[in-house]
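Student: Can you look at this prediction? I've put the sequence above it.
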Amino acid sequence: MKSSNHVVYATAAGHAGTLGGLPSGNDADTVPGAQAGEIALNGARISARLDRLPATRSIWKLVMLLSLGLFFELYDLMFSGYIAPGLVRSGILTATTHGLFGTSGVASFIAALFAGLFIGTAACGFLADRFGRRAIFTWSLLWYTAANIIMAFQDTALGLNLWRFIAGIGIGVEIVTIGTYISELVPKHVRGRASACSQAVGFCAVPIVAFLSYLLVPHRYFGLDGWRLVVLTGVVGAVVVWWIRLGLPESPRWLAQKGRIDEADAVMTRLEARVEREYGRPLPEPALPESVRARATFRDLLVPPYRKRTLMLIIFHVFQTMGYYGFANWIPTLLIKQGITVTTSLMYASVIAIAAPLGPLLGLLIADRFERKTVIICMAAVNVVCGLLFSQARETVLLVSLGVCLVLAGNIISYSYHAYQAELFPTSIRARAVGFVYSWSRLSAMFSAFVIAACLGRFGVNGVFVFISGAMVIVMLAIATLGPKTRDVALEDISR
């Protein structure tokens, strides 16, 4: 398919070249070819300055601040499965669903979240491209925190699902923004480790929410059901977010792409000064790429090289979600179906959840040594084997051990693809493109929640894991055949 829009390339010598027919721009404005070429060249200079920085304390501080934001996001994202027994116990929801798409069961609560996530990623991903990574990182966190406060005091299935949907919109925007933000703030040689680090910190929320659910969900405190206290505990994110925001600069790559070169230069100058002091010697000279792609438009997702990447990520997200959330959101319920009591299942689930941050921590050792696509394929294979064994297990030690392996494999896949998908698109449309492909996982999770519930009711735990395994096999095939290599390659070079 030929591109219907004009694509501008800027060479190191500063000349602008063209391909196609009409002037290129973004959704908000269109700029002449020469101006677009100059913006692209300035953006390349900013990126080259960033990519040659050593990974000193200042670089890792930025990663850690964003990781704290991810912690609160994952706390809110992951508590669905852990408070589900409490929602059933309180009589608001039922464990099974009446009809395939019934609205009174646990599946509807999970589906409401992912419906909101779909809107947040598919329809609102453009916000970070338009208003900046820093502003949207802040306001989306406040959005879903406020929605969760209201949700914690609902007494009907309708009210619960409505506010879970609204919270999901904010979480969806935050997911897209954080992945994009991290990929643009760190040098190319640490992108994988930065993603692994952020996911390790973020996934510390999983054992915390699991343990709190074990302590609180079976009981009432201060006249409130325990599940409500689990939800309200996550509200501390609203208090922390303003402190996080103070330490974060706007993405210099985003500023440069918007033509705000003076601001981008100021951010880079401050960062370079701090890094140089920590490094103890002069920084190496930046190496400008031979050519860089100027601002792309959203329709560029339908033309090479992005068309194949977009198709690959859509297939990946549709099916990896079935595998990941098919287990993560149903751990206590699956254990109960294996003959374990509610309280004991929550205890086992909290033990299994301890493994959540360990997967990304392992990634700190391997993230930038192996291709992202290779790691995803290998961990998907582990997911298939361990899932099928889990469905046959009955002994406590074996159940918990296989559960830990499933969580480790799933979270290694998670940090890998968050880094991977952000690398595959240019800065001008990175958040929108990631939001678009990622939204398919939210749509998949919304419907697969009902499919998992149906499989569980009709075929038991065995049927659930046969379904999950089939999905992960498709993941492996899509990544192996369509995924490009990105390890230690400049973002601008990947996008050419």
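Tutor: Ah, there it is.
Student: what helix or strand does residue 365 sit in?
Tutor: Assigned by DSSP states H and E, residue 365 belongs to helix 358-366.
Student: downstream neighbour of that helix in the secondary structure list?
Tutor: Per DSSP H and E, the first helix or strand lying C-terminal to helix 358-366 is helix 372-392.
Student: Show me which residues of that following helix are buried.
Tutor: For helix 372-392, the buried set under the neighbour-count rule, 16 or more other Cβ atoms under 10 Å, comprises 372-380, 382-384, 386-387, 389-391. Just so you know, the C-beta spots here come from the backbone N, C-alpha and C atoms, and that holds for glycine as well.
Student: Disregarding residues adjacent in the polypeptide, which is nearest to residue 78?
Tutor: residue 206 (5.3 Å; Cβ to Cβ, 6 or more residues apart in numbering).
Student: What is the burial count for that neighbour?
Tutor: Neighbour count of residue 206, defined by other Cβ atoms under 10 Å: 27.
Student: measure it to residue 214 for me?
Tutor: To residue 214, residue 206 is 13 Å away according to Cβ to Cβ, to the nearest Å.
Student: tell me the angle the helix holding residue 365 makes with helix 372-392.
Tutor: 150 degrees (axes from the mean of the first three to the mean of the last three Cα atoms, to 10 degrees).
Student: re the thing from before, please save the CA atoms from the helix or strand harbouring the residue nearest to residue 78 in PDB.
Tutor: Counting by DSSP H and E, the element that carries residue 206 is helix 205-216. Provided in PDB are the C-alpha atoms of helix 205-216 (Å, rounded to 0.1, in the frame of the first residue of the first chain):
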ATOM      1  CA  ALA A 205       1.800  -3.600  44.300                       C
ATOM      2  CA  VAL A 206       0.600  -7.100  43.500                       C
ATOM      3  CA  PRO A 207       1.800  -8.900  46.600                       C
ATOM      4  CA  ILE A 208       0.800  -5.900  48.700                       C
ATOM      5  CA  VAL A 209      -2.800  -5.900  47.300                       C
ATOM      6  CA  ALA A 210      -2.900  -9.700  47.600                       C
ATOM      7  CA  PHE A 211      -1.700  -9.700  51.300                       C
ATOM      8  CA  LEU A 212      -4.100  -6.800  52.200                       C
ATOM      9  CA  SER A 213      -6.900  -8.800  50.600                       C
ATOM     10  CA  TYR A 214      -6.000 -11.900  52.600                       C
ATOM     11  CA  LEU A 215      -6.100  -9.800  55.800                       C
ATOM     12  CA  LEU A 216      -9.100  -7.600  55.100                       C
END
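Student: Mean confidence (pLDDT) on that helix, please.
Tutor: Mean pLDDT, helix 205-216: 87.
Student: for that helix, packing partners?
Tutor: Secondary-structure packing of helix 205-216 (3 or more Cβ pairs under 8 Å, 6 or more residues apart in numbering; DSSP states H and E): helix 57-89, helix 226-233, helix 342-353.
Student: Select, out of those helices, the one closest to residue 263.
Tutor: Ranking these by distance to residue 263, with Cβ to Cβ as the measure, places helix 57-89 first at 16.8 Å.
Student: which helices and strands sit right next to the following helix or strand past that closest one?
Tutor: Downstream of helix 57-89, the first helix or strand assigned by DSSP H and E is helix 106-122. On a contact count with 3+ Cβ pairs under 8 Å, 6+ apart, helix 106-122 meets helix 57-89, helix 157-185, helix 430-482.
Student: Format these as a markdown table; extra columns: mean neighbour count.
Tutor: Output for the helices and strands packed on helix 106-122, formatted as a markdown table (neighbours: other Cβ atoms under 10 Å):
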| stretch | mean neighbour count |
| --- | --- |
| helix 57-89 | 22 |
| helix 157-185 | 25 |
| helix 430-482 | 21 |
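Student: which residues of this protein score low on pLDDT?
Tutor: 1-37, 95-104, 288-296, 328-333, 335-346, 495-496 (pLDDT under 70).
Student: Pick out the residue closest to the middle of it.
Tutor: residue 175 (4.7 Å; Cα atoms, centre = their mean).
Student: didn't residue 359 look like it was pressed against residue 416?
Tutor: No - using Cβ atoms under 8 Å, residue 359 makes no contact with residue 416, being 9.6 Å away.
Student: higher neighbour count, those two?
Tutor: More crowded of residue 359 and residue 416, by other Cβ under 10 Å: residue 416, with 30 against 24.
Student: Now do the contacts for that one.
Tutor: Neighbouring residues of residue 416 by Cβ atoms under 8 Å, 6 or more residues apart in numbering: 192, 195, 363, 367, 372, 375, 376, 379.
Student: Apart from its neighbours in sequence, what residue is nearest the fourth one?
Tutor: Think residue 367. In space, residue 367 is closest to residue 192, 3.2 Å off (Cβ to Cβ, 6+ apart).
Student: other SSEs contacting the helix or strand where that neighbour lies?
Tutor: Residue 192 belongs to helix 191-203 when assigned by DSSP H and E. The helices and strands touching helix 191-203, judged by 3+ Cβ pairs under 8 Å, 6+ apart, are helix 57-89, helix 157-185, helix 358-366, helix 396-423.
Student: need those helices in a markdown table with distance to residue 488, can you?
Tutor: A markdown table is the format used below for the helices and strands packed on helix 191-203 (distance: least, Cβ to Cβ, whole Å):
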| stretch | distance to residue 488 |
| --- | --- |
| helix 57-89 | 16 |
| helix 157-185 | 14 |
| helix 358-366 | 14 |
| helix 396-423 | 11 |
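Student: Just tell me which of the ones you listed ends up closest to residue 218.
Tutor: Residue 218 sits nearest to helix 57-89 of all the helices and strands packed on helix 191-203, at 7.4 Å, using Cβ to Cβ.
Student: on that earlier part again, how about the contacts made by the residue nearest to residue 78?
Tutor: By Cβ under 8 Å, 6+ apart, the contact list for residue 206 reads 74, 78, 353, 356, 357, 407.
Student: quick one: which of those residues is nearest to residue 135?
Tutor: When the contacts of residue 206 are compared against residue 135 (criterion: Cβ to Cβ), the nearest one is residue 74, at 21.3 Å.
Student: what's near enough to touch that closest one?
Tutor: Here residue 74 is in contact with 202, 203, 205, 206 (Cβ under 8 Å, 6+ apart).
Student: for those, which one is nearest residue 134?
Tutor: Closest to residue 134 out of those is residue 202 (18.3 Å), distances taken as Cβ to Cβ.
Student: and the gap between that closest one and residue 178?
Tutor: Taken as Cβ to Cβ, the span from residue 202 to residue 178 is 8 Å.
Student: tell me, what's touching the two both at once?
Tutor: By Cβ under 8 Å, 6+ apart, residue 202 and residue 178 have these common neighbours: 70, 73.
Student: next one: phi and psi at residue 224?
Tutor: Dihedral pair for residue 224: phi -110, psi 140, per degrees, to the nearest 10.
Student: beta partners of it?
Tutor: residue 221 (DSSP bridges).
Student: just the CA coordinates of stretch 267-276, formatted as PDB?
Tutor: In PDB, the C-alpha atoms belonging to stretch 267-276 read as follows (Å, rounded to 0.1, in the frame of the first residue of the first chain):
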ATOM      1  CA  VAL A 267      15.800  20.100  29.900                       C
ATOM      2  CA  MET A 268      18.800  18.300  28.300                       C
ATOM      3  CA  THR A 269      21.300  20.900  29.500                       C
ATOM      4  CA  ARG A 270      20.200  20.400  33.100                       C
ATOM      5  CA  LEU A 271      20.200  16.700  32.800                       C
ATOM      6  CA  GLU A 272      23.600  16.600  31.100                       C
ATOM      7  CA  ALA A 273      25.100  18.800  33.900                       C
ATOM      8  CA  ARG A 274      23.800  16.400  36.600                       C
ATOM      9  CA  VAL A 275      25.000  13.300  34.700                       C
ATOM     10  CA  GLU A 276      28.400  14.800  34.000                       C
END
